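# Provided below are the primary sequence and the corresponding predicted coordinates.
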Amino acid sequence: MDTPKSSTSSTATTTRRFEMLCIMMLTFGQLCIMTGYDSQSFILESVIHSIHEKEPDRISPYAGYYGQAVCYLAYVTACFFSPSFLYATGAKSTLLISSICFTSFPLGFLFTNSYYYYFSSALNGIGFAYNFSAILLNLRMGTIYYEHCASLWEGHTVANVIYYTGNGGYITSHSTRKTIESNVSLSWSLGCCCMIVGSIIMAIITTVTQTPEILETAANIIIGGHGIERRFGDSEIYLLFSVFAAISSLAIFTFMLLPSQDVSNCIESSDKQVSFKDGMKLMADTLVSSKMFKLAPTFLLTGIHTSFWLSVFPTTLTFNMHNSKLIYLPAVYGFGIGVGETIMGCIISTLSKRIKDFGLKPTMLIGCVLTTVFCTVALLSTPYNATTTPSHEDPLLFQPSRITVFLVAVIGGMSDCCLCSVRSVICALAMPKRRAQAFSVSKIYQSLGSCVIFFISSFLNLYHYVLVIPILCFFACIFFFRQAGQTQVMERKLTQELEESEKRRIAKELEAMQQA
C-alpha cells in the first residue's frame, strides 16, 4: 500500500520527467533554428557575391549586407510589439510562428530572387524578435526574486544572445522553483552548440562539393597576378541552404508537438495576465526611461560588434584573395566562435557563484577588453578593403591561417558572450518590474546599431570598424558602470527592506505566541 510520502515522491518524479521532455524538445528546436541562422550569417555576403559574379542582373553584390539590414529593421519594429504579442498568444504559438519565419529564409536560395530574398529577410527579423523577449517577461512575477534572476542570467546568457521570447515563456511555465536553474542551464548549454554544429555541417558540405578538379581549376585562375577570392559554386550553395532549411523545418514540427500543459507549481502560468494594450503601455514607458538612455551605448556596442564578428569579418576571410585555397576558413571561424561562447559562458557561470555581481562591472570590462583585442587582431591580419570587395592587398602584419582564424574567433565568441551577458543582467536588475520590456528596448537599440551598419556597409572599410568599436567600448563602459552602481545601491536598499519586513513579521508572530 502506497504511503502519502511515496505517492508524493512518485508524483514529483513524473512531473520531473514531463519537465525534462518539454525542455529537451524546446532545446532541440532552438538548436535547429540557430544552426541555420548563425551559420548562414557567416557566409551570406560571400554567397551573394558569388551569385552576382555569375548573374549580375539577378541580385546586388551587396545584398548580403542589405538583406541583414532589412532583417534588423524588421527586428527593431517587431521588438516594439513582441512582449505584448506574447501576452496575447502564448509561448508555444510564438515559437511556432518564429520557426516558420526562420525556415522561409534559406528556402530562397534554392531559386534566388531579389524580391523574395528581402521579403524573407524581413520575416527572419520578425521571427528573431518573436522568438526573443520573454526570457525576462515570464520572470516578472512568481517565487523567483530578482536577485535570483540576476544570478540566473549571469550564469547562462551564452551564444548570441542569447535566446528569445517564446523560449523564456515556455521554460517558466514548465519549470518549478526548484528546477528552473537546471532547466535553463540544460537548455542554454545545449543551445549554444549551434555554431559548432553549423561549422561541422559547412565543413562536410565543402568537402563533398569541392572536388579535386574544382580546386585545381580555382587554384590556377590568376587575376592581376593574384589568385581569386573564395567562391561558392551552385552545388555548394544549393546543398548548404537545403540542409539549413531542412534543419530549420525540424523546429516547426518539434514546436508543433510541444506539450501545452503547464507543470504543477510552475513559476509562471501560461495563462494570459496582461492585455495587448497594457503591454504596449509598459513598453512605451520603458522606452523613455532614463535608465535605458544611460544603457543605450552598451546596447549599441553589442549591435555594432555583432554585425562585425557575425558577418563583416567572416566576409573578409573569403574576400581576401590570399585565402583562396583555405576553403575551410568559414567552418573554422564558426567553430571557434562556438568554442569561445561556450568557454566564456562556463567562466561567467563559475565566477558568478563565487564573486558577487561578477556579471556586471567585471564582465563588462572583460568584454570590452576582448572586443578591442578582437578588433586589433582583425586590423593586423586583414586587408583594409576586404569588407566589401575581393582584395589582393597585404594585411598590416600577417596573413590569416586556420590557427589564427580559430584563435581570433574564440576571442570574438568570448567577447560577444560577455556583452550579451551584461546586457541581460542589467536589464533584469535595473527594471525588475518591466524585465521583458527592458530586454526588448535593449534589442531595439542593438538592432538599430546593426541595421545602420549594414545599410552603410558598402561605404565602410576595415578601418572604420576597428576605430569606432573600441571608442564605443570606452563610452559604453563609463555609462554602464554608472548605471550598474546605481542598480547595486537599489538592490541593497530593497534587500534591507525585505530583511526588516521579515524581522517585523517574525516579531509579530512571537508576540502573538506569547500573548496566547
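Received the coordinates, thanks. These figures come from a predicted structure and were not determined experimentally.

# Just name the shakiest helix or strand of the protein by mean pLDDT.
helix 146-156 (a mean of 36; mean pLDDT, DSSP states H and E).

# State which helix of the chain is the longest.
Secondary structure of the chain per DSSP state H: the longest helix is helix 462-515.

# If you count contacts, what does that helix end up packed against?
helix 290-307, helix 361-381, helix 402-430 (3 or more CB pairs under 8 Å, 6 or more residues apart in numbering; DSSP states H and E). Where you see a C-beta, it was placed from the backbone N, CA and C, and this is true even at glycine.

# nearest to Phe28, of the ones you listed?
helix 402-430 (22.0 Å; CB to CB).

# So what angle separates the directions of the helix or strand where Ala78 lies and helix 290-307?
In this structure, Ala78 sits in helix 63-89 according to DSSP states H and E. Calculated by axes from the mean of the first three to the mean of the last three CA atoms, to 10 degrees, helix 63-89 forms an angle of 140 degrees with helix 290-307.

# helices or strands next to helix 63-89 in the packing?
helix 4-54, helix 91-107, helix 114-130, helix 134-137, helix 165-173, helix 276-287, helix 435-455.

# how far out from the middle of the chain is that helix?
Mean-position distance between helix 63-89 and its chain equals 14 Å (CA atoms, centre = their mean, to the nearest Å).

# And for stretch 387-395?
29 Å.

# so where is the chain shaky, pLDDT-wise?
1-16, 19, 82-91, 129-192, 211-229, 260-276, 279, 435-436, 491, 516 (pLDDT under 70).

# hmm, 50 instead?
1, 4-7, 133-169, 174, 177, 180-181, 222-226, 267, 269 (pLDDT under 50).

# Would you format the helices and strands packed on helix 63-89 as JSON lines with mean neighbour count included?
Output for the helices and strands packed on helix 63-89, formatted as JSON lines (neighbours: other CB atoms under 10 Å):
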{"stretch": "helix 4-54", "mean neighbour count": "19"}
{"stretch": "helix 91-107", "mean neighbour count": "23"}
{"stretch": "helix 114-130", "mean neighbour count": "22"}
{"stretch": "helix 134-137", "mean neighbour count": "29"}
{"stretch": "helix 165-173", "mean neighbour count": "29"}
{"stretch": "helix 276-287", "mean neighbour count": "16"}
{"stretch": "helix 435-455", "mean neighbour count": "26"}
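
# Go through those helices and name the closest to Ser311.
Here helix 4-54 is closest among these (CB to CB), at 5.5 Å.

# report the angle between the axes of that closest one and helix 402-430?
Going by the same axes, to 10 degrees, helix 4-54 makes 130 degrees with helix 402-430.

# one step back: so which of the helices and strands packed on helix 63-89 is nearest Pro362?
Here helix 435-455 is closest among these (CB to CB), at 19.7 Å.

# chain center to that closest one: distance?
12 Å.

# For it, output the C-alpha coordinates as PDB.
What follows is helix 435-455, C-alpha atoms only, in PDB (Å, rounded to 0.1, in the frame of the first residue of the first chain):
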ATOM      1  CA  ARG A 435      12.100  43.000 -17.500                       C
ATOM      2  CA  ALA A 436      10.600  41.900 -20.800                       C
ATOM      3  CA  GLN A 437      10.100  45.500 -21.900                       C
ATOM      4  CA  ALA A 438      13.700  46.400 -20.800                       C
ATOM      5  CA  PHE A 439      15.000  43.500 -22.700                       C
ATOM      6  CA  SER A 440      13.100  44.400 -25.900                       C
ATOM      7  CA  VAL A 441      14.300  48.000 -25.600                       C
ATOM      8  CA  SER A 442      17.800  46.800 -25.400                       C
ATOM      9  CA  LYS A 443      17.200  44.800 -28.500                       C
ATOM     10  CA  ILE A 444      15.800  47.800 -30.300                       C
ATOM     11  CA  TYR A 445      19.000  49.800 -29.700                       C
ATOM     12  CA  GLN A 446      21.100  46.800 -30.500                       C
ATOM     13  CA  SER A 447      19.200  46.100 -33.800                       C
ATOM     14  CA  LEU A 448      19.400  49.800 -34.700                       C
ATOM     15  CA  GLY A 449      23.100  49.700 -34.400                       C
ATOM     16  CA  SER A 450      23.300  46.600 -36.600                       C
ATOM     17  CA  CYS A 451      20.800  48.000 -39.100                       C
ATOM     18  CA  VAL A 452      22.600  51.200 -39.700                       C
ATOM     19  CA  ILE A 453      26.000  49.400 -40.000                       C
ATOM     20  CA  PHE A 454      24.600  47.000 -42.600                       C
ATOM     21  CA  PHE A 455      22.900  49.800 -44.600                       C
END
